[in-house]
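Undergrad: based on what follows, work out the 3D shape:
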Amino acid sequence: MNVRVDDHSYEILNELAQRMGKPKTETLAFVIQKVWRQWLIEETCRAYDRLASEPDKWNEYKDEQKLWDNTISDGL
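TA: Down below sits the predicted model:
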């Protein structure tokens, strides 16, 4: 599989791969995974912010969270 990138991005990839001492394919996979994880974290934070901005829904969420927290001590 081939992916086209602009010249500047390719230069950055080469530089990063050299500094990491890894092949470009491995470096690119690493970068993609890092960006993906960061994006997921940011999306999760935004979802919590949206939920917290609606007091009724936020209180419902917190009440349910308390119920789940109680299951920790149920011995199962």
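Undergrad: show me where the chain has helices.
TA: For the chain, the helices defined by DSSP state H occupy 7-20, 24-52, 55-71.
Undergrad: what's the angle between the lowest-mean-pLDDT helix or strand in the chain and helix 24-52?
TA: None of the helices or strands of the chain scores lower by mean pLDDT, DSSP states H and E than helix 55-71, at a mean of 93. Interaxial angle, helix 55-71 versus helix 24-52 (axes from the mean of the first three to the mean of the last three Cα atoms, to 10 degrees): 110 degrees.
Undergrad: excluding its backbone neighbours, what's nearest Met20?
TA: The shortest distance from Met20 to any non-neighbouring residue, by Cβ to Cβ, 6 or more residues apart in numbering, is to Thr27 (5.6 Å). C-beta here means a position set from N, CA and C on the backbone, and glycine is covered the same way.
Undergrad: how much space is there between the one you found and Trp58?
TA: Counting by Cβ to Cβ, to the nearest Å, the gap between Thr27 and Trp58 amounts to 41 Å.
Undergrad: comparing those two, which shows the higher neighbour count?
TA: Just comparing Thr27 and Trp58: by other Cβ atoms under 10 Å the higher neighbour count belongs to Thr27, 20 against 14.
Undergrad: list the contacts of that one.
TA: 13, 16-17, 20 (Cβ atoms under 8 Å, 6 or more residues apart in numbering).
Undergrad: buried only: go through these for me.
TA: The neighbour-count test (16 or more other Cβ atoms under 10 Å) marks 13, 17 as buried among the contacts of Thr27.
Undergrad: just give me the closest of the contacts of Thr27 to Thr71.
TA: For the contacts of Thr27, the minimum distance to Thr71 (Cβ to Cβ) is 43.4 Å, reached by Met20.
Undergrad: from Gln38, how far off is that closest one?
TA: Remark: distance between Met20 and Gln38 (Cβ to Cβ) = 18 Å.
Undergrad: ok, the residue lying closest to Ala17 once chain neighbours are set aside to Val3 distance?
TA: Setting aside the residues directly before and after it, Ala17 is nearest to Thr27 in space (Cβ to Cβ, 6+ apart), at 4.1 Å. Between Thr27 and Val3 the distance is 13 Å, computed by Cβ to Cβ.
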